[in-house]
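Chemist: below are the sequence and a predicted model; questions follow.
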Amino acid sequence: MIIGSGTEIITTSHNIDSPEWEHKYYGITIEDFVWIPTNILILPSCRLIGRGAVISSGSVVVKDIEPMSIVGGNPAQEFKKRKCVHSALVVESLLGGDYKIYKQTRKNK
């Protein structure tokens, strides 16, 4: 999974119907090969981002995203399906220039 800068994933809220205003905790599952680029807001109502999903920058995610979906907007809506995932991708720029470390780590597995 790739998560860009400025992205917020919110997994807690408050019980607005409670006089104690206690916290409510939600989980989220982000599956493999997901691309979440910059400045995305993911709210607690989203519990799953499916395998291979892509969210366009600046989106607000309010519900689950199905596998291989490309979504965008506020609220994020699906507008296309991916045909494949980037499973063989190794790009030095995505690794922050740490390609040598990445290669060594992969050899040791």
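Modeler: Alright, I've got the coordinates. Numbers count the residues shown, from 1 in each chain.
Chemist: identify each buried residue in stretch 24-42, please.
Modeler: Residues of stretch 24-42 classed as buried: I28, I30, F33, V34, W35, I36, P37, I40, L41, I42 (neighbour count, 16 or more other Cβ atoms under 10 Å). Where C-beta positions appear, they are placed from N, C-alpha and C, glycine not excepted.
Chemist: what's around the nearest residue to H23 once chain neighbours are set aside, how many residues?
Modeler: Excluding the flanking residues, the one nearest H23 by Cβ to Cβ, 6 or more residues apart in numbering is T12, at 5.6 Å. By the criterion of other Cβ atoms under 10 Å, T12 has 9 neighbours.
Chemist: thought T12 was touching Y26?
Modeler: Yes. Between T12 and Y26 there is a contact at 6.9 Å, judged by Cβ atoms under 8 Å.
Chemist: re the thing from before, which residues does the residue nearest to H23 contact?
Modeler: H23, K24, Y25, Y26, P44 (Cβ atoms under 8 Å, 6 or more residues apart in numbering).
Chemist: for the nearest residue to T7 once chain neighbours are set aside, give me phi and psi.
Modeler: Leaving aside its sequence neighbours, T7 sits nearest to I40 (Cβ to Cβ, 6+ apart; 4.6 Å). With angles defined as degrees, to the nearest 10, I40 sits at phi -110, psi 140.
Chemist: thank you, goodbye.
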